[in-house]
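K.L.:
Just the structure for this:
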Amino acid sequence: MISISNIPNKGRCFISQKFIPRGEILLIDSPYAVIPDCGAKSFVCGFCFRWDQNLIGGRGNPNTTRQIEHERNGESTRFEMVKCHGGCEKIMYCSVDCRDQDWDSCHRYECGFMASKSIFPKIKVDDSSLKEETEEDQKTLGDDGVENEKFGEYMVDYTWMLMRVLVNRFRELNSRNQTNVTTSENRSTFADYWKLCSNQSLFPVERIKEFENVAGVLYEFLIDWVFPTSDIHGKITAGQFFCGEIIDENDGVVERKETNLTRDSEGGDIRKEFTTMLVELICKEECNSFGLYTFDFKGFDVSRQGYALGVYPNAVFFNHSCQPNVGHVTRNSRFLEALREDGFGTIGKDVKPEMVFYAVRDIEPGEELTITYMELSPPGGVNVDVLENLRKRRENLKEVFFFECDCRRCKEESRGVNTFDLVVLECQKGKCKGWFVPKKLARVKTVAEGSWVCEGCGRTR
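P.N.:
As a prediction, the model looks like this:
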């Protein structure tokens with residue numbers, strides 16, 4: 001149905017191979033790594049990513065809440081959040097089962113390291129709810145408070161996600177541990193991640209300095225907390241780690257150990273080798289990661305609310321357009337089981353949020369398949385000046401993604417013409433900020449007429 005092609009000045013991108021009708025599902029992709037972000041990790045499970053309705057205070061629309069999705073699968077969204085095994089107080093779970101699965105797959109490697117670093121805020125527990133530490137709280141934690149002040153929430157988010165990228169890579173390299181990993185058939189590998197573009201030369205100097213700071217944290221995590229758990233300890237170069245073959249692993253709970261890699265006479269060269277490649281790893285993440293969004297936390301009359309950050313290596317070939325022909329949403333893999341039976345792979349025990357891409361209009365053979373990297377509605381509403389909205393969109397895309405959009409909508413608006421109707425994609429009923437998804441992807445079962453359902457308010461059309 002779709003294939004990857006090279007287009008001059010755009011690089012690799014998805015192209016339709018045949019006529020694709022409106023509403024057709026094009027791709028379901030599993031994350032290589034995904035984490036709940038700082039603003040949501042007190043009430044979003046660190047493994048399955050469902051959230052506790054008690055802790056978000058019922059602020060979302062009760063008709064479109066994620067509670068519907070989980071009740072359809074026989075699960076409750078009213079639960080008591082569970083702390084991790086190691087007591088780092090940096091991550092929470094919706095159940096003991098999720099806690100145990102995450103411990104086996106990732107958190108046992110990172111727990112002690114996160115506990116030792118105040119850059120990762122603790123989750124405080126009081127009588128009424130779970131909440132993040134304030135910035136003032138964080139500055140008083142441990143001996144690395146100076147380091148902590150350099151890390152804002154966004155930096156913390158992508159640092160943690162990259163720690164999970166590195167753990168997943170480490171586990172790939174350790175064949176003996178593969179039997180403990182539960183994945184879907186279409187699960188990406190680190191090789192897929194490493195093939196992604198980095199655009200490293202396009203980042204400003206101050207961002208590269210930021211990345212070097214983060215790379216130092218990631219290096220310490222690898223050398224002192226991950227590598228010592230196996231025979232890789234003291235024996236591998238950066239080139240071998242990022243591009244190497246399978247090695248063996250000694251299973252066990254992670255304990256901090258001194259590492260010859262950082263202590264011997266060649267340690268400086270080894271550190272430089274790793275941090276150089278880690279900076280490249282960070283650049284790849286910054287250019288290719290996806291935010292995960294919902295309307296459950298604050299409702300559908302405000303902009304979508306982020307709750308997680310993930311890398312979906314198979315999905316990065318959707319280029320941007322301000323007039324996209326493809327939409328996307330995230331759904332729990334259990335929710336997607338029926339769709340997978342229709343030809344999208346085999347459902348696994350894994351319950352990570354998967355990215356689902358669908359056609360928002362009929363697509364002809366040979367068309368490029370595009371999504372939007374940003375919100376399309378002008379912040380000031382539909383009456384905002386066309387040229388001013390165009391200028392702001394292009395500035396944002398240039399600053400964040402290093403390109404100036406020349407899609408059909410941008411070309412027309414540069415001439416003062418506005419022919420693109422956002423109603424094709426967005427609800428715009430009253431103050432609703434939601435977008436339409438095919439009814440088969442709707443989280444709310446409805447018998448109302450119409451083949452599309454608003455992700456925000458739940459209305460059909």
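K.L.:
Surely Asn428 touches Leu422?
P.N.:
Let me fix one detail, which is that residue 428 is Gln and not Asn. Yes: between Gln428 and Leu422 there is a contact at 6.7 Å, judged by Cβ atoms under 8 Å. Just so you know, the C-beta spots here come from the backbone N, C-alpha and C atoms, and that holds for glycine as well.
K.L.:
Who does the nearest residue to Phe297 once chain neighbours are set aside form a beta bridge with?
P.N.:
Of all residues not flanking Phe297 in the chain, Gln305 sits nearest, at 4.4 Å (Cβ to Cβ, 6 or more residues apart in numbering). Beta-bridge pairing of Gln305 under DSSP bridges involves Thr294.
K.L.:
which residues does Gln305 contact?
P.N.:
Gln305 sits next to Tyr293, Thr294, Phe295, Asp296, Phe297, Lys298 when contact means Cβ atoms under 8 Å, 6 or more residues apart in numbering.
K.L.:
Phe436: which of these is nearest?
P.N.:
Lowest distance from Phe436 to the contacts of Gln305 (Cβ to Cβ) belongs to Phe295, with 13.0 Å.
K.L.:
I'd say the closest one and Ser303 touch.
P.N.:
No: using Cβ under 8 Å, Phe295 is not in contact with Ser303; the gap is 9.1 Å.
K.L.:
what's the spacing between Phe300 and Glu426?
P.N.:
As judged by Cβ to Cβ, to the nearest Å, Phe300 and Glu426 stand 11 Å apart.
K.L.:
Please enumerate the shared neighbours of these two.
P.N.:
Common contacts of Phe300 and Glu426, defined by Cβ under 8 Å, 6+ apart, comprise Lys433, Gly434.
K.L.:
higher neighbour count, those two?
P.N.:
Neighbours were counted for Phe300 and for Glu426 using other Cβ atoms under 10 Å; Phe300 has more, 27 against 19.
K.L.:
any idea of the pLDDT on the more buried one?
P.N.:
Note on Phe300: pLDDT of 89.
K.L.:
wait, it sits on Gly456?
P.N.:
Yes: using Cβ under 8 Å, Phe300 is in contact with Gly456, at 3.0 Å.
K.L.:
So what sits opposite the most centrally placed residue in the chain in the bridge?
P.N.:
Nearest to the mean C-alpha position of the chain, counting by Cα atoms, centre = their mean, stands Gly310 at 1.6 Å. Applying DSSP bridges to Gly310 gives these bridge partners: Val34, Phe290.
K.L.:
wait, what's in contact with it?
P.N.:
Contacts of Gly310 (Cβ under 8 Å, 6+ apart): Pro31, Tyr32, Ala33, Val34, Ile35, Met161, Ser289, Phe290, Leu292, Pro353, Met355.
K.L.:
if we go to 7 Å?
P.N.:
Pro31, Ala33, Val34, Ser289, Phe290, Leu292 (Cβ atoms under 7 Å, 6 or more residues apart in numbering).
K.L.:
Reformat these as CSV; add pLDDT.
P.N.:
Shown next, in CSV, are the contacts of Gly310 (pLDDT from 0 to 100):
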residue, pLDDT
Pro31, 94
Ala33, 96
Val34, 96
Ser289, 95
Phe290, 95
Leu292, 95
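K.L.:
Most neighbours among these, which one?
P.N.:
Among these, Pro31 has the most neighbours (other Cβ under 10 Å), with 29 neighbours.
K.L.:
separation between the nearest residue in space to it that is not next to it in sequence and Val329?
P.N.:
In space, Pro31 comes closest to Gly310 once its chain neighbours are excluded; the distance is 4.1 Å by Cβ to Cβ, 6+ apart. Using Cβ to Cβ, Gly310 is found at 13 Å from Val329.
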